[in-house]
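Student: my questions are about this predicted structure, shown below with the sequence.
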Amino acid sequence: MADAAYGLWPLVILNTALFVAFAVSFFHPHSRRDWRAMGAFTAFLVALFTEMYGIPLTIYLLGSWLGSRFPLLRDTHAGGHLWNDLIGWTGDPHLSPFHLASYLAIGGGFILIAVAWRHLHDAAQTGTLATAGPYARVRHPQYDGFLLVMIGFLLQWPTIPTLIMFPILVLVYTRLARSEERDVAQRYGEEWTTYATRTPAFLPRMTRVEHTRTPR
């Protein structure tokens, strides 16, 4: 192998464990549905770090196909930053526009998860529907946070398995969100209907719509 940065299986385990622990500390999963969301995120991380530090399968496959056209596409650790390779970025891969954007997406995703959890927790303490903070813009900000983190990793280190997994995980989170909404609708009734009508599920509107709380 051209680069000693691969075949480092302890790093695969360590990085996966660290990011899972980080996500758990922000997300605070409790229900079975929460743990399914965490499981999907963990599967994405395993696939990502396996290629980042274990076996660069994507580089091998693309290198044999596109290696003559993209000479930077080689089985080194720097070669794993595929977006940089495909545009011919020759500087430090960690300072490329894609990598810097990935930092913003990953950090923003974790912050969104944490802020949304705080508002959800406060609402649960008072037995009310969470409609403040990120919940004023979308109905499922924590799922958005997870997807934003995954987009960040795809900007930083895209692989064939994670690119395939991402739309599948979008579907998984959509199904979990719908299941969650059925439970919340039964509990809050008309208040939920009014909130759901005005608030998009995942993609915020450009202009904010003010919510009025239905008396309970």
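Tutor: Happy to help now that I have it.
Student: which stretches of this protein have low pLDDT?
Tutor: Across the chain, the stretches falling below the confidence threshold (pLDDT under 70) are 1-5, 60, 62-80, 207-216.
Student: ok, which stretches of it are helices?
Tutor: Defined through DSSP state H, the helices belonging to the chain, from first to last, are 9-27, 32-49, 57-66, 82-87, 97-126, 141-156, 160-188, 190-198.
Student: please name every helix or strand in contact with the first one.
Tutor: Contact partners of helix 9-27 among helices and strands, from 3 or more CB pairs under 8 Å, 6 or more residues apart in numbering; DSSP states H and E: helix 32-49, helix 97-126, helix 141-156. C-beta: built from backbone N, CA, C; applies to glycine.
Student: let me know the angle separating it from helix 97-126.
Tutor: Angular relation of helix 9-27 and helix 97-126 on a 0 to 180 degree scale: 40 degrees, by axes from the mean of the first three to the mean of the last three CA atoms, to 10 degrees.
Student: how far is helix 9-27 from where the chain is centred?
Tutor: The gap between where helix 9-27 is centred and where its chain is centred comes out at 14 Å by CA atoms, centre = their mean, to the nearest Å.
Student: buried residues, it. List them.
Tutor: Using 16 or more other CB atoms under 10 Å as the burial criterion, the residues of helix 9-27 that qualify are 12, 15-16, 19-20, 23, 26-27.
Student: ok, those residues vs residue 165, which is closest?
Tutor: Using CB to CB, residue 16 is the member of the buried residues of helix 9-27 that lies nearest residue 165, at 14.3 Å.
Student: run a quick neighbour tally on the residue nearest to residue 196 when sequence neighbours are not counted.
Tutor: Computed as CB to CB, 6 or more residues apart in numbering, the closest residue to residue 196 that is not its neighbour in sequence is residue 139, at 6.4 Å. Other residues within reach of residue 139, judged by other CB atoms under 10 Å, total 22.
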